[in-house]
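J.: Can you look at this prediction? I've put the sequence above it.
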Amino acid sequence: QVQLVESGGDLVQAGGSLRLSCVVSGRTASMYVMGWFRQAPGKGREFVAAISKSSSTTYYADSVKGRFTISRDNAKNTAYLQMNSLKPEDTGLYYCAVRSQWLSAVVTTPNDYAYWGQGTQVTVSS
């Protein structure tokens, strides 16, 4: 069974930066396509970014392109989300997720991800 633990969330002013981390345990991170999602109060869970097992492919939501960067260090079993030029609309609970180890496609739908962390809160003040 794989476990995911996110960290790095905080309260930050608009225009600021944060780096989120997601540590994978129980299995080797390189086995999984990894993604970041977020959920604002009263809204559904939305895709933010995803990365292939080898880091060769990355996808981003249009709302974060040019501001956020997803990366991974398989030797550390960790994925990262570098968030720059933060906006109040980026506020939400940020989740890390992985697909089944048997799947390699980088996808954006939450239902296509099998395991989830508990989330880390990001709050951007105006």
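T.: Looks like it came in fine.
J.: and Ser30, what are its phi and psi?
T.: phi -60, psi -10 (degrees, to the nearest 10).
J.: wait, it sits on Lys53?
T.: Yes. Ser30 is in contact with Lys53 according to C-beta atoms under 8 Å; the separation is 5.8 Å. Heads up, the C-betas are built off the backbone N, CA and C, glycines and all.
J.: Mind listing the shared neighbours of these two?
T.: Shared contacts of Ser30 and Lys53, defined by C-beta atoms under 8 Å, 6 or more residues apart in numbering, comprise Asn74.
J.: Give me the more crowded residue out of the two.
T.: Per other C-beta atoms under 10 Å, whichever of Ser30 and Lys53 has more neighbours is Lys53, with 20 against 15.
J.: wait, is that one part of a helix?
T.: No. Lys53 is assigned coil when assessed by DSSP: H, G, I helix; E, B strand; the rest coil, not a helix.
J.: Next up, the contacts around it.
T.: Lys53 makes contact with Ser30, Met31, Tyr32, Val33, Asn74, Ser104 under the criterion C-beta under 8 Å, 6+ apart.
J.: how about those in TSV, adding distance to Ser85?
T.: Output for the contacts of Lys53, formatted as TSV (distance: C-beta to C-beta, whole Å):
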residue	distance to Ser85
Ser30	30
Met31	33
Tyr32	29
Val33	26
Asn74	28
Ser104	31
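J.: Great, nothing more from me.
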